[in-house]
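**Student:** Predicted coordinates and the sequence they were generated for:
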Amino acid sequence: MKTSKFIELLEDNREKELLFEYSENQFVPKAYHITEVKNLYFDSVDCGGKEHSEYQTIVQLWTNPIELKTRYMESGKALKILEKVNNIRPMKMETEIYFEYGNKNLPTSNYSVKKISIEEDKIVLKMYVEPTACKPIKLQNLKEAASACCGSNNKCC
């Protein structure tokens, strides 16, 4: 999901609660806060020797273990936080957005949005963690990428 699409979703549903489902029927608790918004730039080289660069937006979610709430954050409040961030440090709207979350029983991970469920009183972002992948294989034809990455002239694999 692009950052701009997430902002648009919040704008169109300001009064609805915003829920994050990180696993089947497992939700970030109601007492979550948006504690940081990161504009990240990656400059990398893959195992086939090809350079890559990309930006990502990462929204960090944190739950206060002693705070009890009866409702989830409303989309309008999340939107205000992101607008404040954008006024201080402009976000790159056409980057992929990820949600960083973890707790004492769940290792911190960056989650992608798999599906959005818009209901009468809430929005549910169904998230997943994308598995590690060989970038050449992910971006190209499998046979071509395998030879570029792990061919006999390449000692990377």
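**Tutor:** Nice, thanks for sending it over.

**Student:** what about the longest helix in this protein?
**Tutor:** Using DSSP state H, we find that the single longest helix of the chain is helix 75-88.

**Student:** Spell out, range by range, the helices that occur in the chain.
**Tutor:** Here the chain has its helices, by DSSP H, at 3-12, 75-88, 135-139, 142-150.

**Student:** List the buried residues in the longest helix of the chain.
**Tutor:** 75, 78-79, 81-82, 85 (16 or more other C-beta atoms under 10 Å). C-beta: built from backbone N, CA, C; applies to glycine.

**Student:** give me the beta-bridge partners of Tyr128?
**Tutor:** Listed by DSSP bridges, the beta-bridge partners for Tyr128 are Ser112.

**Student:** Just list whatever residues bridge to the spatially most central residue of the chain.
**Tutor:** Centroid-nearest residue in the chain: Tyr98, 1.0 Å away (criterion: C-alpha atoms, centre = their mean). Taking DSSP bridges as the rule, Tyr98 bridges to Ile58.

**Student:** Would you check that it makes contact with Thr57?
**Tutor:** Yes - using C-beta atoms under 8 Å, Tyr98 is in contact with Thr57, at 7.1 Å.
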